[in-house]
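Chemist: coords please:
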Amino acid sequence: MLRKIQPNELKENVFSLIGDEWMLITAGTAERCNTMTASWGGLGVLWGEPAATIYVRPQRYTKEFIDREEYFTLCFFGPEYKKELALCGSKSGRELDKIKECNFTVSCTQEGVPYFEQARLVLVCRKRYAQEMDAEAMPADVKEKWYPNRDYHTMYMGQIVEAYTED
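Modeler: Down below sits the predicted model:
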């Protein structure tokens, strides 16, 4: 059972949380949403509010949902869900119902923002800024290693408006 907390009550190591444990970025509605696994991002403060930064490549199906909606969620799971997170990071929602395949249960916040009941931590984010990453501003070694196909991420910044954690 998830309980609501203030974002500043988080006691997590954000480097481990995002980089090692991964997260699901989800946007859409209860009836139609999509999710993807991410291991890049950040948590902090922007414009005086708790904030999350995520990065999404242009070919990701979830990007269409993020672009269309005002809100997205970041869901973090226990280690027993690593296989499901791997699937959500390697398969497209265009070809496979990842949510059904992973046996995830979609719930929604009062504003109708989808998240997964199996998550141990949920951050509800209101999209506040989006910008395509500028290849000209990147070092050559980063472009060579991470962008051989020149599919540069879009960076999204969201104000964390709600946070939920397991009891």
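Chemist: ranges for the strands of this protein?
Modeler: Along the chain, counting by DSSP state E, strands occupy 2-5, 23-28, 33-38, 41-46, 49-56, 71-76, 106-108, 114-116, 121-132, 154-166.
Chemist: list the contacts of Phe104.
Modeler: With contact taken as C-beta atoms under 8 Å, 6 or more residues apart in numbering, Phe104 is in contact with Thr35, Glu84, Phe116, Glu117, Gln118. All C-beta atoms are positioned from the backbone trio N, CA, C, and that covers glycine.
Chemist: measure the most centrally placed residue in the chain to Lys63 for me?
Modeler: Taking C-alpha atoms, centre = their mean, the centroid of the chain lies closest to Ile25, which sits 2.3 Å from it. Distance, Ile25 to Lys63, using C-beta to C-beta, to the nearest Å: 9 Å.
Chemist: joint contacts of these two?
Modeler: In contact with both Ile25 and Lys63: Val56, using C-beta under 8 Å, 6+ apart.
Chemist: kindly give the local confidence score, pLDDT, for the residue nearest to Pro50 when sequence neighbours are not counted.
Modeler: Leaving aside its sequence neighbours, Pro50 sits nearest to Pro7 (C-beta to C-beta, 6 or more residues apart in numbering; 3.8 Å). Pro7 carries a pLDDT value of 95.
Chemist: which residues touch Pro7?
Modeler: With the criterion set at C-beta under 8 Å, 6+ apart, Pro7 makes contact with Pro50, Leu123, Ile160, Ala163.
Chemist: swap in Glu101?
Modeler: Leu87, Lys91.
Chemist: gap between the residue of the chain positioned farthest from its centre and Tyr147?
Modeler: Ranked by distance from the centre of the chain (C-alpha atoms, centre = their mean), the top residue is Ala140, with 27.0 Å. Separation of Ala140 from Tyr147 (C-beta to C-beta) stands at 11 Å.
Chemist: cool, and Leu17?
Modeler: Leu17 sits 25 Å away from Tyr147, going by C-beta to C-beta.
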